[in-house]
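**Student:** My questions concern the predicted model and sequence given below.
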Protein chains: 2
Amino acid sequence: MIKVWGDTQSGNCYKVQLILEQTGIDYQWQHIDIMSGESRSADFLAMNPNGKIPVVQLDNGDLLAESNAILWYFSHNTALRPSGRNAETALQQWMFFEQYSHEPNIATSRYWIKYCGGGPEYAAGLAAKQPKGYAALDILEQHFKAHDYLVGERYSIADIALYAYTHVAEEGGFSLGKYPGIQQWLDRVAAQKNYIPMH
Amino acid sequence: MIKVWGDTQSGNCYKVQLILEQTGIDYQWQHIDIMSGESRSADFLAMNPNGKIPVVQLDNGDLLAESNAILWYFSHNTALRPSGRNAETALQQWMFFEQYSHEPNIATSRYWIKYCGGGPEYAAGLAAKQPKGYAALDILEQHFKAHDYLVGERYSIADIALYAYTHVAEEGGFSLGKYPGIQQWLDRVAAQKNYIPMH
């Protein structure tokens, strides 16, 4: 059975949980406590030298890392991955945007607040992330003024990738109040078949 | 003709230049001076709301952003993209590693030094990037102990993606002296057909 090492409160890990549920693949979840260093143990680094969750082990023993690459793997030949050169490029454009311009601002802020307590030592860092995180949300909002989903007018792995940390952005100190387009999209994602909430 | 808005000294833009040269596609290069705000002008933001280079315009007018998604697009049906589910996932794993764990440390350090002058106001930021950038280089070195290329034992878009900033890592304050595996891989990339140096 497929095995996942992760933390269900991590958006990057939740992406994996969501696609496995939505594609009907059985899996075993092994909780990793990043705060106690479990993702930096020798055993873990042997699986992923980058020391990051999630990590997936396939039935043949192969190991996968990088949440959005894992989404690509499990969306193979499913409706979650629109096919064709243009659609593939658009999916990746949004997923690289997520990892470069969205996650390092919104997820990192949430991590400092939710995992690290958000004390005064994080104030300067959090303040610096605010305009960058809102800039990423502005880009999503602009897109959702004209589209229901990110790529191909249907639910895909790009939506899973961006949903993961957008739907908990308020835990990172980002208000979604001024983003009606994002809010409606979040509702559309949560209404998908076999959706499960982060828990 | 394909049009590229970019800066040849930017590794992310150089990736695009390299794949266009290596796949024999004609293109017109429009220099963007990020230091004078050209990537933040209204005209530029209309092309890429994220305000980042490179941006590519195809003959049909379609616009592409995100360097690694652009690599994906131009490697379509070429030897630069090993095919199949496992190879595709491996390519993406390395490219997401590049954008999340390598570029924000090595390229950002290089930007602060090369573009911003690297004055004392950057000292703390540069110091913080040192261990993270070396951690990324350690992961590459470990890989090259057993492999000549990143994916499928042949030159691919994953090599282009990682080469772009690795080969100028010293401009970011990262010594490659203790990385013989990386150095040999850099030589292998530079020996590829239709390779052009960053210039």
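**Tutor:** Everything's here; your move.

**Student:** From chain B, how far out is the residue sitting furthest away from the middle of chain A?
**Tutor:** Distance from the C-alpha centroid of chain A, by CA atoms, centre = their mean, peaks at A:Pro120 (27.1 Å). Here the criterion is CB to the nearest CB, to the nearest Å. By it, A:Pro120 lies 18 Å from chain B. (C-beta placed from N, C-alpha, C; glycine too.)

**Student:** Just the pLDDT for that residue.
**Tutor:** Note for A:Pro120: predicted pLDDT of 98.

**Student:** what do you get for A:His199?
**Tutor:** 87.

**Student:** Next up, the contacts around it.
**Tutor:** By CB atoms under 8 Å, 6 or more residues apart in numbering or on different chains, the residues touching A:His199 are A:Thr8.

**Student:** Just say helix, strand or coil for it.
**Tutor:** Recorded secondary structure, A:His199: coil (DSSP: H, G, I helix; E, B strand; the rest coil).

**Student:** what comes up buried for the longest helix anywhere in chain A?
**Tutor:** The residue-count maximum for a helix in chain A (DSSP state H) belongs to helix A:123-144. Residues of helix A:123-144 classed as buried by neighbour count (16 or more other CB atoms under 10 Å in any protein chain shown): A:Leu126, A:Lys129, A:Gly133, A:Tyr134, A:Ala136, A:Leu137, A:Asp138, A:Ile139, A:Leu140, A:Glu141, A:His143, A:Phe144.

**Student:** Setting aside sequence neighbours, what's the nearest residue to the third one?
**Tutor:** Which is A:Gly133. Leaving aside its sequence neighbours, A:Gly133 sits nearest to A:Asn105 (CB to CB, 6 or more residues apart in numbering or on different chains; 3.8 Å).

**Student:** Would you check that that neighbour makes contact with A:Ala136?
**Tutor:** Yes: contact status for A:Asn105 versus A:Ala136: in contact at 6.1 Å, counting by CB atoms under 8 Å.

**Student:** how close does the residue nearest to A:Gly133 sit to B:Gly6?
**Tutor:** Distance of A:Asn105 to B:Gly6, given as CB to CB, to the nearest Å: 24 Å.

**Student:** try A:Ala124
**Tutor:** 32 Å.

**Student:** Could you do A:Ile196 as well?
**Tutor:** Counting by CB to CB, the gap between A:Ile196 and B:Gly6 amounts to 41 Å.

**Student:** Counting neighbours, go ahead and name the busier of those two.
**Tutor:** B:Gly6 (23 against 13; other CB atoms under 10 Å in any protein chain shown).

**Student:** Beta-bridge partners for that one, please?
**Tutor:** For B:Gly6, the residues forming beta bridges with it (DSSP bridges) are B:His31.

**Student:** Return the residues in contact with it.
**Tutor:** Shown in contact with B:Gly6 (CB under 8 Å, 6+ apart): B:Asn12, B:Cys13, B:Val16, B:Gln17, B:Trp29, B:Gln30, B:His31, B:Ile32, B:Ile53, B:Pro54, B:Val55.

**Student:** Tell me the pLDDT of it.
**Tutor:** At B:Gly6, pLDDT is 98.

**Student:** Please determine how far it is located from chain A.
**Tutor:** Counting by CB to the nearest CB, the gap from B:Gly6 to chain A is 16 Å.

**Student:** what's the spacing between that residue and A:Leu18?
**Tutor:** From B:Gly6 over to A:Leu18 the distance is 35 Å, taken as CB to CB.

**Student:** And A:Ser36, by the same measure?
**Tutor:** 25 Å.

**Student:** more neighbours, those two?
**Tutor:** A:Leu18 (26 against 9).

**Student:** What's the mean pLDDT across the host helix or strand of the more buried one?
**Tutor:** Using DSSP states H and E, the element containing A:Leu18 is helix A:11-22. The pLDDT scores in helix A:11-22 average 98.

**Student:** check whether that helix contacts chain B.
**Tutor:** No: Helix A:11-22 is not in contact with chain B by CB under 8 Å from any CB of the partner chain; minimum separation 9.8 Å.

**Student:** what sits up against that helix?
**Tutor:** If you take CB under 8 Å, 6+ apart as the criterion, helix A:11-22 is touched by A:2, A:4, A:6-8, A:27, A:29, A:52-54, A:56, A:67-68, A:70-71, A:74-75, A:80, A:103, A:107, A:110, A:157, A:160-161, A:163-165, A:168, A:192-196, A:198.

**Student:** residues of it that come out buried?
**Tutor:** Buried residues in helix A:11-22, counted by 16+ other CB under 10 Å: A:Gly11, A:Asn12, A:Cys13, A:Tyr14, A:Lys15, A:Val16, A:Gln17, A:Leu18, A:Ile19, A:Leu20, A:Gln22.

**Student:** Return the closest of those with respect to B:Ser41.
**Tutor:** Relative to B:Ser41, the closest of the buried residues of helix A:11-22 is A:Gly11; by CB to CB it sits at 32.9 Å.

**Student:** Nearest spatial neighbour of that closest one, chain-adjacent residues omitted?
**Tutor:** A:Ala164 (3.5 Å).

**Student:** dump the residue contacts of the one you found.
**Tutor:** The neighbours of A:Ala164, taking CB under 8 Å, 6+ apart as the test, are A:Gly11, A:Asn12, A:Tyr14, A:Lys15, A:Leu18, A:Ser67.

**Student:** Quick one: work out the angle between the helix or strand hosting A:Ile182 and helix A:11-22.
**Tutor:** Applying DSSP H and E as the criterion places A:Ile182 in helix A:180-190. Calculated by axes from the mean of the first three to the mean of the last three CA atoms, to 10 degrees, helix A:180-190 forms an angle of 50 degrees with helix A:11-22.
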